[in-house]
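Student: Kindly return the folded structure for what I paste below:
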Amino acid sequence: MTEFIPPATRWIDLPSPFPMKRGGTLHGGRVAYETWGTLNDARDNAILIVTGLSPDAHAASSDADPTPGWWEAMLGPGKPIDTGRWFVVCVNSLGSCKGSTGPASIDPATGKLYRLEFPDVSIEDIADGAAHVTRELGIERLACVIGNSMGGMTALALLFRHPGIARAHVNISGSARALPFSIAVRSLQREAIRLDPNWNEGRYDDATYPESGMRIARKLGVITYRSALEWDGRFGRVRLDSDRPDEEPFGLEFQVESYLEGHARRFVRRYDPNSYLYLSRSMDWFDLAEHAGGDVLDGLARIRVERALALGARTDILFPVEQQEEIAEGLSRGGADARFVGLESPQGHDAFLVDFDRFGPAVRGFLDAL
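Tutor: The predicted structure follows:
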């Protein structure tokens, strides 16, 4: 799979060997990142952003790359994450195919793609990679770490495994552990990929890419990223203009089906299937309770930050707001000034990517008070 890496992306080499939580080591690994703003002389105005499963490090435009980033409305001069005040670093997750080392990278020991020979990736490994980038940039203590979706898990692992690395934390639509519903959905997504004959135990190429499996996986994901309320409001039961072709008796008939198909086709071939499998599974494995005798609130209480904000959409079915409420409660038990805010957004899990009128002021208000 040919991957485009934004021109502003840079890399930091990981220590070699780099130990992985579930066994194995990585040699010659690196983590991709981008930055915005200026690090002050005291080096205390840095914010780290850790992302969901699919984004790259290009969260916003910059002089080096003026193309809009995936969080363009949230990050920049005068925006909720104001780069006039903050030095912002966004890292691409270890195991991804968007610049950091992952299954789609070349194994230096063999000169071939890692594919399924890549070591098992955990959320903790992703967190350790992000912590290494932070320290290599000369930042001993972050002003804040912000995590979205899977990044919310990564941020908590980072804070737990690297005490004192940040003064504050914003957890957006994240969680301290994977719930059964989310695990079930991701299991089906992975099964769709693995059952595509072109997947071939991870041995595919551009000519034999498992497109059908990735399309179905993406559709399943998109269904859970938005809410039933939004699906009904946007599409209702509106049918497509043209009748179904005779040769496709069970083909696309409703506008919502067409939307899912278009969304899926824009995603396939822009993401490596093996990387998708690895990062999807890393979320299922994550449970902060395993570090605290089986009690997730106790695990959260062992994290030390001064202030925290846990945000979520009340229509989110993938990372429901009860999980963000749990994060705020656990961090409060650890002595943090932690607050939970459930937002009345109709847009479900993806609300933090689109509902800036609600999420923007909440993030801005928290950061302005730091």
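Student: CA atoms for contacts and neighbours, from now on please.
Tutor: OK.
Student: ok, and Lys98, which helix or strand is that part of?
Tutor: In the assignment (DSSP states H and E), Lys98 maps to no helix and no strand.
Student: tally of neighbours for it?
Tutor: Lys98 has 27 neighbours, counted by other C-alpha atoms under 10 Å.
Student: Any idea how many residues pack against the residue nearest to it when sequence neighbours are not counted?
Tutor: Using C-alpha to C-alpha, 6 or more residues apart in numbering and skipping residues adjacent in sequence, the residue nearest Lys98 is Asp56, 5.2 Å away. Under the neighbour criterion other C-alpha under 10 Å, Asp56 is assigned a count of 26.
Student: packing partners for the lowest-mean-pLDDT helix or strand in the chain?
Tutor: Of all helical and strand segments in the chain, the minimum by mean pLDDT, DSSP states H and E falls on helix 228-235, at a mean of 85. If you count contacts as 3 or more C-alpha pairs under 8 Å, 6 or more residues apart in numbering; DSSP states H and E, helix 228-235 packs onto helix 255-267.
Student: List the contacts of the helix it packs on.
Tutor: With C-alpha atoms under 8 Å, 6 or more residues apart in numbering as the test, helix 255-267 has contacts from 214-216, 218-219, 222, 231, 235, 237-240, 252.
Student: Quick check on those residues: which are buried?
Tutor: Applying 16 or more other C-alpha atoms under 10 Å to the contacts of helix 255-267, the neighbour count classes Met214, Arg215, Ile216, Arg218, Lys219, Val222, Leu252 as buried.
Student: ok, these vs Gly174, which is closest?
Tutor: The shortest separation between Gly174 and any of the buried ones among the contacts of helix 255-267 is 16.8 Å, and it belongs to Val222 (by C-alpha to C-alpha).
Student: Am I right that the closest one is in a strand?
Tutor: No. Secondary structure of Val222, determined by DSSP: H, G, I helix; E, B strand; the rest coil: helix, with no strand assignment.
Student: quick one on the thing from earlier: go through the buried ones among the contacts of helix 255-267 and name the one with the lowest pLDDT.
Tutor: Model confidence across the buried ones among the contacts of helix 255-267 bottoms out at Leu252, which has 86.
Student: Give me the secondary structure label for that one.
Tutor: coil.
Student: related to what we said a few turns ago, can you redo the contacts of helix 255-267 as a markdown table with distance to Gly312?
Tutor: Listed next are those as a markdown table, based on distance: C-alpha to C-alpha, whole Å:
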| residue | distance to Gly312 |
| --- | --- |
| Met214 | 27 |
| Arg215 | 27 |
| Ile216 | 26 |
| Arg218 | 22 |
| Lys219 | 22 |
| Val222 | 17 |
| Trp231 | 19 |
| Phe235 | 24 |
| Arg237 | 28 |
| Val238 | 30 |
| Arg239 | 32 |
| Leu240 | 33 |
| Leu252 | 33 |
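Student: Of those, which is the nearest to Gly69?
Tutor: When the contacts of helix 255-267 are ranked by distance to Gly69 (C-alpha to C-alpha), Val222 comes first, at 19.6 Å.
Student: Now do the closest one against Trp231, distance only.
Tutor: With distances taken as C-alpha to C-alpha, to the nearest Å, Val222 is found 11 Å from Trp231.
Student: likewise Thr101?
Tutor: Relative to Trp231, Thr101 is positioned 36 Å away (C-alpha to C-alpha).
Student: Could you list the low-confidence segments of this structure?
Tutor: By pLDDT under 70, the low-scoring segments of the chain are 1-3, 242-247.
Student: which residues sit in contact with the residue nearest the centre of it?
Tutor: Nearest to the geometric centre of the chain sits Gly52, at 0.8 Å (C-alpha atoms, centre = their mean). Gly52 is in contact with Gly147, Asn148, Ser149, Met150, Gly151, Gly152, counting by C-alpha under 8 Å, 6+ apart.
Student: and stretch 74-91, how far from the chain's centre?
Tutor: Between the centre of stretch 74-91 and the centre of its chain there are 18 Å (C-alpha atoms, centre = their mean, to the nearest Å).
Student: those helices in this structure, which residues are they?
Tutor: 123-136, 150-161, 180-194, 211-225, 228-235, 255-267, 273-285, 296-301, 321-333, 351-354, 356-368 (DSSP state H).
Student: contacts for the shortest one?
Tutor: For helix 351-354, the surrounding residues in contact (C-alpha under 8 Å, 6+ apart) are Trp70, Trp71, Asn148, Ile172, Ser173, Arg226, Ala313, Ser345, Gln347, Phe359.
Student: From those, pick the one nearest Ser280.
Tutor: Sorting those by how near they are to Ser280, with C-alpha to C-alpha, puts Asn148 at the top with 14.8 Å.
Student: Show me the beta-bridge partners of that closest one.
Tutor: In this structure, Asn148 bridges to Ile172 when assessed by DSSP bridges.
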